[in-house]
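Peer 1: Make a model of this:
(2 chains)
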Protein chains: 2
Amino acid sequence: MSASAPSVSKFGCLYGVGVGPGDPELISIKGLRCLQQVPIVAFPAGLKGQPGVAERIIEPWLSSTQHRLSLSFPYVQEQSVLEQAWHLAAEKVGQHLGQGQDVTFACEGDVSFFSTFTYLSQAVQTLYPQVRVETIPGICSPMAAAAAIGLPLTMQRDRLAILPALYCPDDLMAVMTWAEVVVLMKVGSVYRQVWSLLNQAQLLPHSYVVVQASASQQRIYQDLQHHPQLELPYFSLLIIYVKAAREKMPHDIGGLPHP
Amino acid sequence: MSASAPSVSKFGCLYGVGVGPGDPELISIKGLRCLQQVPIVAFPAGLKGQPGVAERIIEPWLSSTQHRLSLSFPYVQEQSVLEQAWHLAAEKVGQHLGQGQDVTFACEGDVSFFSTFTYLSQAVQTLYPQVRVETIPGICSPMAAAAAIGLPLTMQRDRLAILPALYCPDDLMAVMTWAEVVVLMKVGSVYRQVWSLLNQAQLLPHSYVVVQASASQQRIYQDLQHHPQLELPYFSLLIIYVKAAREKMPHDIGGLPHP
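Peer 2: All right, here's what the predicted structure looks like:
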């Protein structure tokens, strides 16, 4: 398959579908239709030979005649390594698109929210500018985590901040002066550091860790003062209800930042 | 119906279902099942006798035998008026729960994210502490808006801030110094003020208004420098890609805040 451009009509369409946070039933009707109507279904490869999160979500919905296309996206920071992986994945997908086959890429959560699909679709559009790309949104993990905890994520005038996996502690302290609710995505690798900060700010009683929200492996940790160390998998997030601590502490008695 | 407690088994279950941003097909499989299996379906009443957003989303999915329960939640700020409405709505729902009927409350977007369901379920649990409440998350409007625009909402190290309808301009300026992406919910009533700020910060070319994302009435406004005034309905949001402006302006040449 060459990157040179055949006629527009020859190309299949690339669909990006957010398949939701983990429970296969949290895919949307539209996403499911889009998943089931294509001959080729792609998804991020899992780690160590295990099926990935998106793959586990969609497996119950696929038929035996649909071709599974597992794409490798390494969990690294090096931009050059990532770009090479996106390029290779785009070529793999392009082989099918170039034969006129529609391809649906399934990604966990939502397709526009820290999603692998963003990079894949950009790489596909660079290689094959004529390809039509459609995205179908999905339920993202912060919403599923709040539902699992049984607390609203945001109410009325709450300001919400969502931080990606890699942030510096100063950043977290700064945002806590400003937001009523803070979500830390993929918190596993920095959990100990974050725990110390939350301890200092007296926010541990108002913080929750949710692992693989809504999936069968879901776990919830609360009363985090008893959990200074947790070994958390990649898809773990932390919700901090900063406002709850503010309401309990009208005077500046602790390390808690106040707006 | 009295608020005194009959035996636990007498009560039906209250389900809160996020039915997604507007397209009826963006409800989840689980949400749809929960919607279709109950005898009583409640939702926020629309304005001026028109069907509300959630009501429009679910209507294609309901059967003629299901009882529709329209609940009034006034669009006001006064806490006492709101609390009275929540109490009345909880009593209406309680009449059915008390007869052992399950009730599903449908709300647009996600059920934990600035959702009327939060207040309804709190009022129900105050009046009828034995009622079991279950929440099923949904696709929220920022995700659907990003999919509609065709741009990712967040990538890699982006920090996302989501502000509710009512905020002061100072707040917006402060958050733009910190976040890469900012979403302003229900921006209609403050659009002119926000426009002036974005103009001053040279962010208008990187901002998008999305009205009723994914619904048949969806509208997208870009190149906002040409739209200093817009009459926007209640469910309108604005996405500001602060980072795009930063990337284009490596030197501090404008009013744009820099971290």
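Peer 1: so where's the stretch 151-259 of chain A shaky on pLDDT?
Peer 2: For the stretch 151-259 of chain A, applying pLDDT under 70 flags the ranges A:165-167, A:248-259.
Peer 1: How about the residues of it by chain B?
Peer 2: A:151-164, A:166-167, A:171, A:174-175, A:178-179, A:214 (CB under 8 Å from any CB of the partner chain). The C-beta positions use only the backbone N, C-alpha and C, and glycine is treated the same way.
Peer 1: Where do the helices of the stretch 1-150 of chain A begin and end?
Peer 2: Ranges of helices in the stretch 1-150 of chain A, per DSSP state H, counting those that start in this stretch, are A:29-36, A:53-58, A:79-97, A:116-127, A:141-149.
Peer 1: Make a markdown table from those and add mean pLDDT and mean neighbour count to it.
Peer 2: Listed next are those as a markdown table, based on pLDDT from 0 to 100; neighbours: other CB atoms under 10 Å in any protein chain shown:
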| stretch | mean pLDDT | mean neighbour count |
| --- | --- | --- |
| helix A:29-36 | 98 | 20 |
| helix A:53-58 | 97 | 24 |
| helix A:79-97 | 96 | 17 |
| helix A:116-127 | 97 | 21 |
| helix A:141-149 | 97 | 27 |
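Peer 1: For these, give me TSV that also has distance to residue B:45.
Peer 2: Shown next, in TSV, are the helices of the stretch 1-150 of chain A (distance: least, CB to CB, whole Å):
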stretch	distance to residue B:45
helix A:29-36	25
helix A:53-58	35
helix A:79-97	46
helix A:116-127	37
helix A:141-149	24
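Peer 1: want to try JSON lines for these, with distance to chain B as columns?
Peer 2: Formatted as JSON lines, the helices of the stretch 1-150 of chain A follow (distance: least, CB to the nearest CB, whole Å):
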{"stretch": "helix A:29-36", "distance to chain B": "4"}
{"stretch": "helix A:53-58", "distance to chain B": "11"}
{"stretch": "helix A:79-97", "distance to chain B": "9"}
{"stretch": "helix A:116-127", "distance to chain B": "4"}
{"stretch": "helix A:141-149", "distance to chain B": "4"}
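Peer 1: Just the buried residues of the residues of the stretch 151-259 of chain A next to chain B.
Peer 2: If you count burial by 16 or more other CB atoms under 10 Å in any protein chain shown, the buried members of these come out as A:151-155, A:158-164, A:167, A:174-175, A:178-179, A:214.
Peer 1: can you tell me which of these are in helices?
Peer 2: Among those, the members found in helices (DSSP state H) are A:174, A:175.
Peer 1: re the thing from before, so of the residues of the stretch 151-259 of chain A next to chain B, which ones are in strands?
Peer 2: Secondary structure defined by DSSP state E assigns A:160, A:161, A:162, A:163 of those to strands.
Peer 1: Return the closest of those with respect to residue B:107.
Peer 2: Checking those against residue B:107 with CB to CB, the nearest one is residue A:160 at 17.4 Å.
Peer 1: show me the contacts for the residue nearest to that closest one when sequence neighbours are not counted.
Peer 2: Closest residue to residue A:160 apart from its sequence neighbours, by CB to CB, 6 or more residues apart in numbering or on different chains: residue B:162 at 4.3 Å. If a contact means CB atoms under 8 Å, 6 or more residues apart in numbering or on different chains, then residue B:162 has A:154, A:159, A:160, A:161, A:162, B:142, B:182, B:183, B:185 as its contacts.
Peer 1: how much space between residue A:130 and chain B?
Peer 2: Per CB to the nearest CB, to the nearest Å, residue A:130 is found 16 Å from chain B.
Peer 1: isn't that residue right up against residue A:12?
Peer 2: No. Using CB atoms under 8 Å, residue A:130 makes no contact with residue A:12, being 10.8 Å away.
Peer 1: Looking at the two, which one has more neighbours?
Peer 2: residue A:12 (20 against 13; other CB atoms under 10 Å in any protein chain shown).
Peer 1: Surely the more buried one and residue A:94 touch.
Peer 2: No. The pair residue A:12 / residue A:94 is not scored as a contact, 9.7 Å apart, by CB under 8 Å.
Peer 1: Need the residues touching each of those two.
Peer 2: Taking CB under 8 Å, 6+ apart as the contact rule, residue A:12 and residue A:94 both touch residue A:131.
Peer 1: Please identify the buried residues of the helix or strand harbouring residue A:220?
Peer 2: Using DSSP states H and E, residue A:220 sits within strand A:219-221. Residues of strand A:219-221 classed as buried: residue A:221 (neighbour count, 16+ other CB under 10 Å).
Peer 1: starting at the chain centroid, how far to the helix or strand following it?
Peer 2: Using DSSP H and E, the next helix or strand after strand A:219-221 towards the C-terminus is strand A:236-241. What separates the centre of strand A:236-241 from the centre of its chain is 14 Å, taken as CA atoms, centre = their mean, to the nearest Å.
Peer 1: now for strand A:236-241, which elements pack on it?
Peer 2: Packed against strand A:236-241 by the contact rule (3 or more CB pairs under 8 Å, 6 or more residues apart in numbering or on different chains; DSSP states H and E) you find helix A:141-149, strand A:181-184, helix A:191-200, strand A:207-211.
Peer 1: right, and those - which one's nearest residue B:198?
Peer 2: Using CB to CB, the nearest of these to residue B:198 is strand A:181-184, at 24.4 Å.
Peer 1: What sits closest to residue A:112 if chain neighbours are left out?
Peer 2: residue B:146 (3.7 Å).
Peer 1: For that neighbour, which residues are in contact?
Peer 2: Residue B:146 makes contact with A:112, A:113, A:137, B:152, B:153, B:239, according to CB under 8 Å, 6+ apart.
Peer 1: what's the strand holding residue A:220 packed up against?
Peer 2: Contacts defined by 3+ CB pairs under 8 Å, 6+ apart place strand A:219-221 against strand A:207-211.
Peer 1: now the angle between strand A:236-241 and the strand it packs on, please.
Peer 2: Put simply, strand A:207-211 runs at 160 degrees to strand A:236-241, going by axes from the mean of the first three to the mean of the last three CA atoms, to 10 degrees.
Peer 1: ok, residues contacting strand A:207-211?
Peer 2: A:141, A:144-145, A:148-149, A:151, A:187, A:191, A:198, A:217-222, A:224, A:227, A:230, A:232-233, A:235-241.
Peer 1: For residue A:139, report the pLDDT, please.
Peer 2: Looking at residue A:139, its pLDDT reads 98.
Peer 1: The spatially closest residue to it that is not a sequence neighbour bridge partners, please.
Peer 2: Leaving out its chain neighbours, the residue that sits closest to residue A:139 by CB to CB, 6+ apart is residue A:20, at 4.4 Å. On the basis of DSSP bridges, residue A:20 is bridged to residue A:109.
Peer 1: ok, for residue A:69, nearest residue in space, not its chain neighbours?
Peer 2: In space, residue A:69 is closest to residue A:42, 4.0 Å off (CB to CB, 6+ apart).
Peer 1: Run a quick neighbour tally on that neighbour.
Peer 2: Other residues near residue A:42 come to 27 when the count uses other CB under 10 Å.
Peer 1: cool, the one 3 residues further on as well?
Peer 2: Using other CB under 10 Å, residue A:45 has 18 neighbouring residues.
Peer 1: is it true that it touches residue A:68?
Peer 2: No. With contacts defined as CB under 8 Å, residue A:45 does not count as touching residue A:68, sitting 10.4 Å away.
Peer 1: who's in contact with residue A:92?
Peer 2: Taking CB under 8 Å, 6+ apart, we find residue A:92 in contact with A:42, A:69, A:71.
Peer 1: ok, now how distant is the residue nearest to residue A:69 from residue A:54?
Peer 2: To residue A:54, residue A:42 is 9 Å away according to CB to CB, to the nearest Å.
Peer 1: Alright, I will stop here.
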